[in-house]
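Peer 1: take this sequence and fold it.
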Amino acid sequence: MDAFAAILLSGLVLGSLYGLMASGLSLMWSTLGVFNFGHGVLLALGAYFAWTFTEQLDLPVALAAVLAVVVLAVVGVVYEIALVRPFIRRENGAMLVMVATLAVTALVQSVIQLLWGPQLRRVPQFTSASVSLSGATVSGNQLVALVAAPVLVGALFLVLKRSPIGIAVRALEQNRDHARLVGIRPAAVYVFVVVIACVLAAFAGVLLAGIQFMTPTMGDDPLLRAFVVLAFGGTASLGGTLAGAYLIGLLEAATTYFFGLSWSPVLLFLAMIVVLLLRPEGLIRQRTA
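Peer 2: Here you go, the predicted structure:
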């Protein structure tokens, strides 16, 4: 029972973090048709800005997290204008955007190294509260991640389902040319999508920085896991993405517990290859909105 509780709680925490990351990736893929290879470095930026606000300005961690998310929202606007808009309309635009985001990842990681240095740092915990289940304990940022991930993804789902901007996003997902004919401006929608993806990555980075030490490359591993999540859950809906995130979190926690940390990524990516071969649309059957 102790092992089961440890795997369950660890898997849910990992799934929550991966869900925040993968939701932004899924939204960008379904709307723009591109994978954002810079998503991981956006996570790192959110973490470093939150650390700066807590340690340098002595702000409470909750306020620091909000400010970091606001900063990354502004970064998202610049990101879309500089890396998406100039390329997306060109021939092979999706490939050009992916190459541009991959290039900016290396650049921003170097900038982080120069500005914040190589020292290992951590963001303070959001709360001292904890939850125990059969000897396994979840505390601080892990507890916040468990609650915040489904709430944020659920809120995004409602925005996409009910709001005018959400309807515009879904219209572009279904047919870009027809959406233009009814007066939808793709550029405005793309800014919204990129900003939301940056906000989700930033908040995931703040949570992760309270669980492990920060490094300029701290977003690389969650980014790879988020790609695996999309392979399992598909990209047709946020519900499938979140379900895939929890499935990957539980699978990673179980393989780590039984086979060790070094074997967990190997088994995880083998499972992804099998899924891509057998069900390239994802394990979770869903219908595009």
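
Peer 1: now the one helix or strand residue 103 maps to: mean pLDDT?
Peer 2: For residue 103, the element it lies in under DSSP states H and E is helix 93-116. Taken as a whole, helix 93-116 carries a mean pLDDT of 91.

Peer 1: got it, and stretch 157-175?
Peer 2: Taken as a whole, stretch 157-175 has a mean pLDDT of 87.

Peer 1: and residue 160, how far is that from residue 172?
Peer 2: Separation of residue 160 from residue 172 (CB to CB, to the nearest Å): 11 Å. Where you see a C-beta, it was placed from the backbone N, CA and C, and this is true even at glycine.

Peer 1: hang on, I meant residue 97
Peer 2: Going from residue 97 to residue 172 by CB to CB gives 15 Å.

Peer 1: same question, residue 224
Peer 2: 27 Å.

Peer 1: the more surrounded of those two?
Peer 2: Between residue 224 and residue 172, residue 172 has the larger neighbour count (other CB atoms under 10 Å), namely 23 against 16.

Peer 1: tell me which element the more buried one falls in.
Peer 2: Using DSSP H and E, residue 172 sits within helix 164-174.

Peer 1: give me the below-cutoff pLDDT ranges for the stretch 151-289 of the chain.
Peer 2: 235-236, 281-289 (pLDDT under 70).

Peer 1: show me what whichever strand or helix holds residue 138 is packed against.
Peer 2: Taking DSSP H and E as the criterion, the element that holds residue 138 is strand 136-139. Under the contact criterion of 3 or more CB pairs under 8 Å, 6 or more residues apart in numbering; DSSP states H and E, strand 136-139 touches helix 2-32, strand 130-133.

Peer 1: could you check the angle helix 93-116 makes with the longest one?
Peer 2: Going by axes from the mean of the first three to the mean of the last three CA atoms, to 10 degrees, helix 2-32 is angled at 120 degrees with respect to helix 93-116.

Peer 1: and the helix or strand that helix 2-32 is followed by, what does it pack onto?
Peer 2: Beyond helix 2-32 in the direction of the C-terminus, DSSP H and E gives the next helix or strand as helix 39-51. In terms of contacts (3+ CB pairs under 8 Å, 6+ apart), helix 39-51 is packed against helix 2-32, helix 61-79, helix 93-116, helix 186-209, helix 220-233.

Peer 1: out of these, indicate the one that is most buried.
Peer 2: Across the helices and strands packed on helix 39-51, the average number of neighbours (mean count of other CB atoms under 10 Å) peaks for helix 186-209, which reaches a mean of 25.

Peer 1: gap between it and the chain center?
Peer 2: For helix 186-209, the distance between its averaged C-alpha position and the chain's averaged C-alpha position is 8 Å (CA atoms, centre = their mean, to the nearest Å).

Peer 1: what comes into contact with the strand holding residue 138?
Peer 2: Residues external to strand 136-139 that are found in contact with it (CB atoms under 8 Å, 6 or more residues apart in numbering): 2, 5-6, 8-10, 13, 125, 128-132, 146.

Peer 1: and the residue lying farthest from the centre of the chain, its phi and psi?
Peer 2: Among the C-alpha atoms of the chain, the one most distant from their mean position (CA atoms, centre = their mean) is that of residue 181, at 32.0 Å. With angles defined as degrees, to the nearest 10, residue 181 sits at phi -60, psi -30.

Peer 1: give me the distance between it and residue 172.
Peer 2: 12 Å.

Peer 1: now swap in residue 187 and tell me
Peer 2: To residue 172, residue 187 is 11 Å away according to CB to CB.

Peer 1: I'd assumed residue 198 was in contact with residue 80.
Peer 2: No: Residue 80 sits out of contact with residue 198 when judged by CB atoms under 8 Å, with a separation of 9.1 Å.

Peer 1: grab the nearest non-local neighbour of residue 245.
Peer 2: Nearest-residue entry for residue 245: residue 19, 3.5 Å, with adjacent residues in sequence omitted and distances by CB to CB, 6 or more residues apart in numbering.
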